[in-house]
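Chemist: any chance you could fold what I've pasted below:
(one chain, ligands or ions: 1)
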Amino acid sequence: MLKCEQVTYRYNETDGIFNISLNIEKGECVALIGLNGSGKSTLLHAMAGLINPQEGSIEWEGEAVRPPKVGIVFQHPDNQFITTSVLDEMVFGLENIGIPREEMLERALAALDQVGMRWALEKHPMQLSGGEKQRVALAAILAMEPDVLLLDEVTSMLDPVAREHFQQIILHLKQKGWTIMYTTHLVEEYLMADRFLMLDHGELVFDGDLEQLASSTQLPMPFTVELQRTFGLNVKASTWKECIDSLWTSN
Ligand SMILES: Nc1ncnc2c1ncn2[C@@H]1O[C@H](COP(=O)(O)OP(=O)(O)OP(=O)(O)O)[C@@H](O)[C@H]1O
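Modeler: Now for the predicted structure:
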């Protein structure tokens, strides 16, 4: 379990995150939402051990969080690359955490397979498209086998096709039992989460499921949820097809 207790990280008097307490269970897929500047990235950075809260504690299974236990992928993959080939990029991270040489290639290839990027092994990261770079950035983190995967607006720069591909990868990781927390401003991406945490001015103001989110906030909802609400159906994460099927059977 990832446990945040009364975490405060202050940039100044008004900006930052304030007194955040929450637990994330193993295998949960959590969407961290909130307006621009509400503190989402700051919370993820604190959870990844990249910044140290001035107050409170963040622990995974009773120990202070630190990479590689917690892995984070950022909105702009370019910031994550430091080597000149995809293979070197994968190996660099693994070397840093002391993975034996013979295991490195195996791990790197398995992670690249998970995101469909093995073909790019010899490429310079800068020769890849934005979506491909983002998949390699994710693979580099997956190869380190973190217990918790944090994704900070990872699809926001992608075109609709690349975005859908990336969302499928996240859903696949979720099905495999990864513990995931992601931030997004795209309401359709709410459908990937089991649970929602909402920040407002650095404070945690909501913790609940999709149905509770839809009934207790004024936020725009994914189209299928709006449809369910319009027709008086129970709100749940549904695909288009499931939504239409339940509309047919409700009459
Ligand atoms: N390095 C910094 N120095 C000072 N203030 C900062 C710094 N980084 C962020 N802030 C401020 O802290 C607040 C929270 O920022 P943060 O980036 O965590 O929000 P966010 O919810 O991730 O926003 P967005 O949705 O726009 O990505 C904002 O008011 C921001 O201006």
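Chemist: make it CA atoms for all contacts and neighbour counts henceforth
Modeler: OK.
Chemist: ok, residue 214 touching residue 221?
Modeler: Yes. Look at residue 214 against residue 221 with C-alpha atoms under 8 Å: they come within range, at 6.9 Å.
Chemist: residues in contact with whatever residue of the stretch 101-250 of the chain ends up closest to the ligand?
Modeler: Nearest to the ligand, among the residues of the stretch 101-250 of the chain, is residue 202, at 6.7 Å (C-alpha to the nearest ligand atom). Residues in contact with residue 202 (C-alpha atoms under 8 Å, 6 or more residues apart in numbering) are 15-18, 38-40.
Chemist: considering the residues you listed, which is situated nearest to residue 169?
Modeler: Checking the contacts of residue 202 against residue 169 by C-alpha to C-alpha gives residue 40 as the nearest, at 22.0 Å.
Chemist: is it true that the closest one touches residue 182?
Modeler: No. Contact criterion C-alpha under 8 Å: residue 40 and residue 182 do not qualify, at 9.3 Å.
Chemist: let me see the ranges of the helices in the stretch 101-250 of the chain.
Modeler: For the stretch 101-250 of the chain, applying DSSP state H, counting those that start in this stretch gives helices covering 101-114, 130-142, 160-175, 210-216, 223-230, 240-250.
Chemist: what is in contact with residue 40 and residue 182 at once?
Modeler: With C-alpha under 8 Å, 6+ apart, residue 40 and residue 182 have common neighbours residue 32.
Chemist: residues in contact with stretch 65-78?
Modeler: Residues contacting stretch 65-78 (C-alpha under 8 Å, 6+ apart): 44, 47-50, 58-59, 80, 97, 126, 130, 133-134, 137-138, 141-142, 144-157.
Chemist: what is the mean pLDDT for the helix or strand containing residue 45?
Modeler: Applying DSSP states H and E as the criterion places residue 45 in helix 40-47. For helix 40-47, the mean pLDDT works out to 96.
Chemist: is it anywhere near the ligand?
Modeler: Yes. Counting by C-alpha under 6 Å from any ligand atom, the ligand is contacted by helix 40-47 at 40-42.
Chemist: out of these, who's the most crowded?
Modeler: Counting neighbours by other C-alpha atoms under 10 Å, residue 40 comes out on top of those with 29 neighbours.
Chemist: count the residues that sit near the residue lying closest to residue 33 once chain neighbours are set aside.
Modeler: Of all residues not flanking residue 33 in the chain, residue 198 sits nearest, at 4.8 Å (C-alpha to C-alpha, 6 or more residues apart in numbering). Here the count is done by other C-alpha under 10 Å, and residue 198 has 21 residues near it.
Chemist: please name the residues that touch residue 136.
Modeler: 86, 112, 115, 117.
Chemist: following the helix holding residue 45, which helix or strand comes up?
Modeler: strand 55-60.
Chemist: within the sheet, what are the partner strands of that following strand, with directions?
Modeler: strand 2-10 (antiparallel), strand 63-64 (antiparallel) (DSSP bridges).
Chemist: out of the contacts of residue 136, what pair is the most spread apart?
Modeler: 86 and 115 (13.0 Å).
Chemist: okay, these two: which has more neighbours?
Modeler: residue 86 (28 against 22).
Chemist: so which elements touch the helix holding residue 45?
Modeler: Applying 3 or more C-alpha pairs under 8 Å, 6 or more residues apart in numbering; DSSP states H and E, one finds that helix 40-47 contacts strand 16-24, strand 148-152.
Chemist: C-alpha coordinates for that helix, CSV please?
Modeler: As requested, the backbone C-alpha atoms of helix 40-47 are provided in CSV (Å, rounded to 0.1, in the frame of the first residue of the first chain):
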residue,chain,number,x,y,z
LYS,A,40,-1.6,17.2,-9.3
SER,A,41,2.0,17.2,-10.7
THR,A,42,3.3,18.3,-7.3
LEU,A,43,1.6,15.4,-5.6
LEU,A,44,2.9,12.9,-8.2
HIS,A,45,6.5,14.3,-7.9
ALA,A,46,6.3,13.9,-4.1
MET,A,47,4.9,10.4,-4.5
